[in-house]
Each structure stands twice: as structure tokens, then as C-alpha cells.
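S.K.: sequence first, predicted model second:
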Amino acid sequence: MNEAFGKQLQEKLKTIQYTLLKVGKSTQDAEDILLETCFVTRIPKFFNKVNHQFPGYTQ
């Protein structure tokens, strides 16, 4: 991962976590929401990459 992108992503995630805490989510809930959000946004990109590298691959 590009270092500048990673730093920018980390800043955005901190902002989202702060907002979740501010609206009343627990620390654990805020962390879970952030992890799920990152996971959901990365998985489709991963499978698209796999499908391009291995055209016969099915999900």
C-alpha cells in the first residue's frame, strides 16, 4: 500500500471512529463498524482482481 494513501486512510478512519463515539457507540462497536466497512470495501476489489488473473475462477 502506498504510504501516503495509508496515512490518509488512517486519518479518515480516525475521523469516522470519533464520529461514531460522539453519537453514542461504544469503543468496541465503533471498531467493529470500521473493520466491517474496510472489509466490505476491499473484498469486491480482491475478487475482481482474482477474476482477471484467473478467468475461470468463480466466487
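M.R.: Arrived safely, thanks for sending. What you are looking at is a predicted structure, and each value in this text was computed from that prediction instead of being measured. Numbering: from 1, shown residues only.

S.K.: quick one: the helices in this protein?
M.R.: For the chain, applying DSSP state H gives helices covering 3-22, 27-53.

S.K.: and those, which one averages the lowest pLDDT?
M.R.: Lowest mean pLDDT within the helices of the chain: helix 27-53, at a mean of 72.

S.K.: re the thing from before, could you dump the helices of the chain to a markdown table with mean neighbour count?
M.R.: Bear in mind the C-beta positions are built from the backbone N, C-alpha and C, glycine included. Conversion of the helices of the chain to a markdown table gives the following (neighbours: other C-beta atoms under 10 Å):
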| stretch | mean neighbour count |
| --- | --- |
| helix 3-22 | 11 |
| helix 27-53 | 11 |
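
S.K.: how about the CA coordinates for stretch 4-15, as PDB?
M.R.: Extracted C-alpha coordinates of stretch 4-15, given in PDB (Å, rounded to 0.1, in the frame of the first residue of the first chain):
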ATOM      1  CA  ALA A   4       0.600   8.400   1.600                       C
ATOM      2  CA  PHE A   5      -2.600   6.600   0.900                       C
ATOM      3  CA  GLY A   6      -2.200   4.600   4.100                       C
ATOM      4  CA  LYS A   7      -1.700   7.700   6.200                       C
ATOM      5  CA  GLN A   8      -4.700   9.400   4.500                       C
ATOM      6  CA  LEU A   9      -6.900   6.300   5.100                       C
ATOM      7  CA  GLN A  10      -5.900   6.200   8.700                       C
ATOM      8  CA  GLU A  11      -6.800   9.800   9.200                       C
ATOM      9  CA  LYS A  12     -10.200   9.200   7.600                       C
ATOM     10  CA  LEU A  13     -10.900   6.100   9.800                       C
ATOM     11  CA  LYS A  14     -10.000   8.100  13.000                       C
ATOM     12  CA  THR A  15     -12.500  10.800  12.000                       C
END
